[in-house]
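*Asks:* Give me a model of this one.
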Amino acid sequence: MKNLIFVFIAILSVSNSQACTVLLQDRIELQKNDIHISNRDRLALTRHYLTAKEWTKEGATVTVEAAAFNYEANPKELAARRGNEVKKFLMLLGLASDDIIVDERIIKIKNGKIDPDDKLQIGVEFVPKCPPAGCQSLCNVPNLQGVASYAVTSETPGPAPESNTFSCGDKREPKYGRIIRKEIWTESTREKVITLSTDGVKPRSGVCYRITTSAHRYVGMTDDQGRTQPIQLLGPEYTTIEVKVDQYAN
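*Replies:* Predicted structure coming up:
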């Protein structure tokens with residue numbers, strides 16, 4: 001959904017400077033005219049809520065964007081019902097009604113086609129509730145789920161050097177390397193072997209990888225065909241894949 005891009009971005013300020021970016025997101029696609037979210041979407045929301053409420057002792061707030069396509073029955077009412085359905089579930093998880101904001105909109109179809117970036121009707125954003133001293137402490141917690149980037153300041157230096165590195169303990173691992181990082185959208189929870197490649201063609205054999213979901217972290221070495229160990233992908237959510245390669249390699 002373009003208005004929110006389904007990404008929560010919270011800018012935590014320290015001395016009027018951007019300290020760090022924190023985000024957790026869920027994107028949900030519903031059947032035509034339906035208001036009910038699936039069990040897998042409920043599991044994803046639950047995982048992210050459990051993470052978000054631990055950011056600070058004050059907990060978290062949530063913004064829900066609920067939409068309906070203009071060709072669905074009574075789209076304005078439908079969007080409101082969808083938002084209410086998600087809100088009720090979040091309250092069952094433990095969020096107070098006052099900590100949940102619901103926005104509604106209607107998605108207009110142009111030339112009979114749905115924009116691929118606008119096909120999911122529900123977006124959920126988890127936001128940390130900051131203590132009086134601010135949320136800048138989140139910037140300095142190593143491997144904290146949801147912290148995506150840092151603007152280094154004297155008060156928010158980010159993770160300690162080398163605190164976020166990983167090693168496979170294998171002589172094939174490059175001594176002087178760089179980490180290639182990307183994220184893939186996982187539609188549903190499943191176990192699968194992932195093939196890592198260069199530009200989708202040449203397999204990355206014998207490289208050290210780290211694959212991170214909201215619940216697990218896998219570190220290992222790909223085989224001679226660029227394949228990982230079996231990974232339990234959790235969906236719907238983003239899976240982060242990192243590969244260590246020679247700093248001069250493509």
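*Asks:* quick one: buried residues of the lengthiest helix in the chain?
*Replies:* In the chain, taking DSSP state H as the definition, the longest helix is helix 75-93. Under the neighbour-count criterion of 16 or more other CB atoms under 10 Å, helix 75-93 has 75, 78, 79, 80, 81, 82, 83, 85, 86, 87, 89, 90 buried. No exception for glycine: its C-beta is placed from N, CA and C like everyone else's.
*Asks:* Helices along this structure, start to end?
*Replies:* 39-52, 75-93.
*Asks:* Which strands or helices does the first one pack on?
*Replies:* Read that as helix 39-52. strand 25-28, strand 60-69, helix 75-93, strand 122-128, strand 237-246 (3 or more CB pairs under 8 Å, 6 or more residues apart in numbering; DSSP states H and E).
*Asks:* right, and these - which one's nearest residue 35?
*Replies:* For residue 35, the closest of these is helix 75-93, at 4.7 Å, according to CB to CB.
*Asks:* got the CA coordinates for the longest helix of the chain in CSV?
*Replies:* Only the C-alpha atoms of helix 75-93 are listed here, as CSV (Å, rounded to 0.1, in the frame of the first residue of the first chain):
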residue,chain,number,x,y,z
PRO,A,75,-15.6,-0.5,0.1
LYS,A,76,-15.8,2.3,2.7
GLU,A,77,-17.6,0.1,5.1
LEU,A,78,-15.5,-2.9,4.2
ALA,A,79,-12.3,-1.0,5.0
ALA,A,80,-13.6,0.0,8.4
ARG,A,81,-14.6,-3.6,9.2
ARG,A,82,-11.2,-4.8,8.2
GLY,A,83,-9.5,-2.3,10.4
ASN,A,84,-11.8,-3.2,13.3
GLU,A,85,-11.1,-6.9,12.8
VAL,A,86,-7.3,-6.4,13.1
LYS,A,87,-7.8,-4.0,16.1
LYS,A,88,-9.8,-6.7,17.9
PHE,A,89,-7.0,-9.2,17.4
LEU,A,90,-4.3,-6.8,18.6
MET,A,91,-6.3,-6.1,21.7
LEU,A,92,-6.5,-9.9,22.4
LEU,A,93,-2.7,-9.9,22.2
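*Asks:* Packing partners of it?
*Replies:* Using 3+ CB pairs under 8 Å, 6+ apart: helix 75-93 touches helix 39-52, strand 60-69, strand 100-107, strand 122-128.
*Asks:* What average pLDDT does it get?
*Replies:* Throughout helix 75-93, pLDDT has a mean value of 97.
*Asks:* cool, and stretch 236-249?
*Replies:* 82.
*Asks:* Quick one: closest of the helices of the chain to residue 187.
*Replies:* helix 39-52 (8.9 Å).
*Asks:* would you put the C-alpha positions of the closest one in CSV?
*Replies:* C-alpha atoms of helix 39-52 as CSV (Å, rounded to 0.1, in the frame of the first residue of the first chain):
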residue,chain,number,x,y,z
ASN,A,39,-4.0,-18.0,11.0
ARG,A,40,-0.5,-17.4,9.4
ASP,A,41,-1.1,-13.7,9.5
ARG,A,42,-2.2,-13.9,13.1
LEU,A,43,1.1,-15.8,13.9
ALA,A,44,3.1,-13.1,12.1
LEU,A,45,1.4,-10.3,14.0
THR,A,46,1.9,-12.1,17.3
ARG,A,47,5.6,-12.6,16.7
HIS,A,48,6.1,-8.9,15.9
TYR,A,49,4.0,-7.8,18.8
LEU,A,50,6.0,-9.9,21.2
THR,A,51,9.2,-8.3,19.8
ALA,A,52,7.8,-4.7,19.8
